[in-house]
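Dropping a prediction and its sequence here:
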Amino acid sequence: MIAEIGHYALVLAFALALAQSVLPMVGAAKGIRPWMAFARTAALAQLVFVGLSFLALVACFVRSDFSVLLVYEHSHSQQPLIYKIAATWGNHEGSLLLWVLILAFFGALVALFGENLPPRLKARALSVQGMIGFAFLAFMLFTSNPFLRLNPAPLEGQELNPLLQDPGLAMHPPMLYLGYVGFSMTFSFAVAALIEGRVNAAWARWVRPWTLLAWTTLTAGIVLGSHWAYYELGWGGWWSWDPVENASFMPWLVGTALLHCETVVEKRDALKVWTILLAIIAFGFSLVGTFLVRSGIITSVHTFAQDPARGLFILAIFIVALGASFGLFAWRAPTLNAGGLFAPISREGALVLNNLLLAVGTGTVFVGTITPMVFSILGLNPISAGAPYYGWTFVPLMAPMVLLMAIGPLLGWKRGDLPGALQRLSAAGIIALVVAGYVLHRQSGTSIWAPLGIALGVWLALGTIIEWIERVKLFRARPRENWNRARHLPRAAYGMTLAHLGLAIAVIGMTGSTAWRVESVQVMKPGDSITIGRYAYHFDGVLPARGPNYLAERASFTVTKDGKPYTILYPERRQYEVQESPTTEAAIHSSIAGDIYAVIGDRAGPDTWTVRIYHQPLVPWLWVGGALMALGGLTSLSDRRYRIGVPNRLPVVQATGA
Amino acid sequence: MKKRLLYLLPIVLLGLFAAIAWIGLSPSRDPSALPSALIGKPVPSFKLTTLDPASGGLSQQDFAGKVTVVNFFASWCVPCKAEHPLLFQLGKDYNVPVYGIAFQDQTADTARYIQEMGSPYTKIGLDQNGRTAIDFGITGVPETFILDKNGIVRYRLAMPIDADRLAGEIGPLLKSLQ
């Protein structure tokens, strides 16, 4: 019964989405107010129906109703409750429902809190949102119905893939989808603006909170996913340039460019055409990601079922959505009047350069992602693009960007004072060089890249702090004034400071963990010891252990640092009840200097095991940096200019004036 | 006018991507049929001890002068059990020798597995440290390779054989090679 309610709610949502796509759009064109106002009702009802459907599916999973095919295939009665719930979206159909739920959630947010939007723009944006919803609901109902029944109902389910039985599954996909789907909102606003033929500072201010929300959640989603891969997959890597990882990274890069461009539109009424294009492309890359994951065109740890019919359906959605919006762009963008002029050396100039680098960076990632696929499709010699490719293309583009990130915020709008900015940054430059020299001296090899990477991070961190110091006039005014200035700085400024600081810390983490990682694979017997650097690992032995739905072999390693007791690591190897392949649970001990990381592998003999031990310097910096970036996004989002409800009080004249 | 054309660039690029993706989705393409770097190349040279010591070792010289099937398996691998009966069928219906290579498996376990399931294999090589598997570039077990009379790799399947594939793909290939 519950499954049927869920299915029926989905059908209702589908019909409603059709009405939401058509009525408000026509209403806005013909000036029929009630039709435009219908968008609000429809968007809210959409959330109710899709929400109902989602809850119904969760209920099926929680109750372990194996008469529902999806539950049978991805759950087991002995699974802990949290994994029964998370299993809802640990598969193609359920994750698609989550996708549509978030889409409806964003639509409802705009309907509820978009009081200040001009009625036409709001009606059109919600109508576009309705079209996206319509397309994906159709996709679900016709090719991927999550509520299919199974008769007769089996007694037990096939269990969720053990790799997914992890708190990561509860966090990573919802966050990532909030980001992916969040860009649908900026997309809808961009298309609505193109239909209206008007883009101005007010538009930028309306769309910015949605970009920020999408960017923040996408950042958090990517970092969570990276962290999950790091501790769960057991090979100690946090990024592998897998096509599907790239699929989440590309919208992030474009979204980052968009975020920075919107400030230019908002403050200076320039770069409008480019901003609109980015808004379309950011969502376009979300759709590319969806396509790569769900169409079966590639295989990866992330891909779902392989079904060409589904692939064609998503491809059709992708072509129609982007074809129509790019067509609209080609038609309308030339009529958008260019706004404020600026000198090459200025805040705008720096942001243009940043955008250029991000865009080319996205291009290299895109080429690296699809070229192997294209070659394989066209039957050419197989090629692959791995870390070395990105090391030679993407990294050299990002290094100057990080260099620039410290300078840009110190330049004024319209015309900046580059020598002045550099002079203020001289301390940062000197310290960064000293650190580079120190690192070069301390590290074992003579490679120049790691010291440079660390120096870049230091440069950006100090540059960001200097910018804040300038703003609050620290050391140059009395503490009281410092305090007043610090208090009254806009939240958006703090957002930038935190996000840039976060990236600086993350850059240091990435460099350290890539350059100085140590890996040791050994066959060990209980009682054996190995020494890596200053740490010695004594293999105490392996004991059986039992979890709620798995059996495990748990190894124990006593770790000493410089001969003193340091910690004990317990890596596990788990065998779940139904799924055959065993999974590894790495044991990780973190400190500010880095992680030590132990994995126990196959039994190599009667009493010997394959043991892998990694030293991962500075990896925790990556997580801290990522968290700071997301926090920066949130802080910026809470700026009163964008705060929900507050813009009501902004004078409406601003909407047309520039 | 020139500027107008620039605004059309996104839609042109989209069309290009869509066309390639369209071809990529054609049902005849199988993304899990990993293109093997070995296809069209001679089989890598290797030398393994065999399960039955009396049969001597197993090396690439065993494959010379005839069409052969090489199948990587392991006693701990469940999909291997699933394809096991088809290996018997394959050897019988198409009259080809099937060579097995036990991948990272204890000799005793391999022996027990073969005793239970029967042996479709002409010879079974023991690749306990996985070195030969690396040379073949396998990504897991089971994997199956087909070699022609000159010892050139003609086909690779990185998943269990199923009945459809045996009749529709592997069978015709074996016939054409013979």
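Noted; the coordinates are in hand. In this text the structure is predicted, and so the values were computed from the model without any measurement. Residues are numbered from 1 along each chain as shown, chains lettered A, B, ... in the order given.

And the strands in chain A?
A:518-524, A:529-532, A:535-546, A:550-561, A:564-569, A:572-576, A:583-585, A:587-591, A:594-605, A:608-617 (DSSP state E).

looking at those strands, which is closest to chain B?
Smallest distance to chain B across the strands of chain A (C-beta to the nearest C-beta): 7.1 Å, for strand A:594-605. The way it works is simple: take the backbone N, C-alpha and C, and place the C-beta from them, glycine included.

what's the average pLDDT for that closest one?
Averaging pLDDT along strand A:594-605 gives 84.

Phi and psi next, for residue A:417.
Residue A:417 adopts backbone torsions of phi -110, psi 90, taken as degrees, to the nearest 10.

quick one, what contacts it?
Contact analysis of residue A:417 by C-beta atoms under 8 Å, 6 or more residues apart in numbering or on different chains lists residue A:411.

center of the chain, which residue is that?
No chain specified, so I'll use chain A. The centroid of chain A falls nearest to residue A:218 when counting by C-alpha atoms, centre = their mean (2.7 Å).

try again with chain B
Geometric centre of chain B, nearest residue: residue B:144, 2.5 Å, by C-alpha atoms, centre = their mean.

Report the contact partners of the residue nearest to the centre of chain A.
Counting by C-beta under 8 Å, 6+ apart, residue A:218 makes contact with A:175, A:176, A:178, A:179, A:180, A:182, A:183, A:248, A:251, A:252, A:255.

switch the cut-off to 7 Å
Residue A:218 makes contact with A:176, A:179, A:180, A:251, A:252, A:255 under the criterion C-beta atoms under 7 Å, 6 or more residues apart in numbering or on different chains.

neighbours around residue 81, how many?
Unless you meant another one, I'm taking chain A. Residue A:81 has 10 neighbours, counted by other C-beta atoms under 10 Å in any protein chain shown.

Not quite, go with chain B.
Other residues near residue B:81 number 15, with proximity taken as other C-beta under 10 Å.

quick one: the helix or strand where it lies near chain A?
Here residue B:81, judged by DSSP states H and E, is contained in helix B:78-94. Yes - under the criterion of C-beta under 7 Å from any C-beta of the partner chain, chain A is reached by helix B:78-94 at residue B:78.

Buried by neighbour count: which residues of that helix qualify?
B:80, B:83, B:84, B:86, B:87, B:90, B:91, B:94 (16 or more other C-beta atoms under 10 Å in any protein chain shown).

Wait, the second one touches residue B:160, no?
Yes - under the criterion of C-beta atoms under 7 Å, residue B:83 is in contact with residue B:160, at a separation of 4.0 Å.

joint contacts of the two?
Jointly contacting residue B:83 and residue B:160 under the rule C-beta under 7 Å, 6+ apart are residue B:142.

which residues of chain B fall in helices?
Listed in chain order, the helices of chain B (DSSP state H) span residues B:2-24, B:78-94, B:107-117, B:131-136, B:163-165, B:171-177.

ok, the longest one near chain A or not?
Yes - between helix B:2-24 and chain A, judged by C-beta under 7 Å from any C-beta, the touching residues are B:3-4, B:7-8, B:10-11, B:14, B:18, B:20-24.

Please check the residues you listed and keep the buried ones.
For these, a burial check counting by 16+ other C-beta under 10 Å picks out B:7, B:10, B:11, B:14, B:20, B:21, B:24.

what's the pLDDT at the fifth one?
pLDDT recorded at residue B:20 is 83.

count of residues packed around the closest residue to it other than its chain neighbours?
Closest residue in space to residue B:20, ignoring its immediate chain neighbours: residue A:374 at 5.5 Å, by C-beta to C-beta, 6 or more residues apart in numbering or on different chains. For residue A:374, the neighbour count with other C-beta under 10 Å is 18.

residues near residue A:292, how many?
Residues lying near residue A:292 (other C-beta under 10 Å) number 24.

And for chain A, the residue most distant from the center?
Distance from the centre of chain A peaks at residue A:606, with 44.5 Å (C-alpha atoms, centre = their mean).

still on that earlier bit, can you give me the distance of the residue nearest to residue B:20 to residue A:366?
Separation of residue A:374 from residue A:366 (C-beta to C-beta, to the nearest Å) stands at 11 Å.

Now the common contact residues for these two.
With contacts taken as C-beta under 7 Å, 6+ apart, residue A:374 and residue A:366 have no neighbour in common.

Could you pull up the mean pLDDT of the helix holding residue B:81?
For helix B:78-94, mean pLDDT rounds to 85.

what about residue 162, how many neighbours?
Here I'm looking at chain A. Residues lying near residue A:162 (other C-beta under 10 Å) number 21.

Chain B is the one I meant
Residues lying near residue B:162 (other C-beta under 10 Å) number 14.

I'd like the distance between it and residue B:25.
Between residue B:162 and residue B:25 the distance is 22 Å, computed by C-beta to C-beta.

if we can go back for a sec, now do the helix holding residue B:81: distance to the chain's middle.
Here helix B:78-94 shows a centroid-to-chain-centroid distance of 13 Å under the convention C-alpha atoms, centre = their mean, to the nearest Å.

how much space between residue A:372 and chain B?
Distance of residue A:372 to chain B, given as C-beta to the nearest C-beta, to the nearest Å: 10 Å.

Model confidence for that residue, exactly?
On the pLDDT scale, residue A:372 is placed at 79.

pretty sure residue B:158 is in contact with residue B:137, am I right?
No - when contacts are counted by C-beta under 7 Å, residue B:158 is not listed as touching residue B:137 (9.5 Å).

who has more neighbours, those two?
Neighbour tally, residue B:158 and residue B:137, criterion other C-beta under 10 Å: the higher count belongs to residue B:158, 18 against 15.

Could you pull up phi and psi at the more buried one?
Main-chain torsions, residue B:158, degrees, to the nearest 10: phi -100, psi 40.

cool, residue A:526 as well?
Main-chain dihedrals, residue A:526, degrees, to the nearest 10: phi -50, psi 140.

What is the neighbour count of it?
14.

list the contacts for it?
Under the criterion of C-beta under 7 Å, 6+ apart, the neighbours of residue A:526 are A:539, A:540, A:541, A:542, A:607.

repeat that with 10 Å
If you count contacts by C-beta atoms under 10 Å, 6 or more residues apart in numbering or on different chains, residue A:526 has them with A:538, A:539, A:540, A:541, A:542, A:555, A:556, A:607, A:608, A:609.

Only whichever of those are buried, select them in ChimeraX.
ChimeraX command restricting the contacts of residue A:526 to the buried ones, with burial defined by 16+ other C-beta under 10 Å:
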select /A:538,539,542,555,556,608,609
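
now the contacts of residue A:526 in CSV, with distance to chain B?
What follows is these, written out as CSV (distance: C-beta to the nearest C-beta, whole Å):
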residue, distance to chain B
A:538, 26
A:539, 21
A:540, 24
A:541, 21
A:542, 17
A:555, 19
A:556, 25
A:607, 13
A:608, 12
A:609, 14
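
Make CSV from the contacts of residue A:526 and add distance to residue B:75 to it.
CSV is the format used below for those (distance: C-beta to C-beta, whole Å):
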residue, distance to residue B:75
A:538, 32
A:539, 26
A:540, 29
A:541, 26
A:542, 21
A:555, 24
A:556, 29
A:607, 20
A:608, 18
A:609, 19
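
from the contacts of residue A:526, which single one is nearest residue A:187?
Ranked by distance to residue A:187 (C-beta to C-beta), those are led by residue A:555 at 49.5 Å.

I'd say the closest one and residue A:586 touch.
No - using C-beta atoms under 10 Å, residue A:555 is not in contact with residue A:586; the gap is 11.2 Å.

No further questions, thank you.
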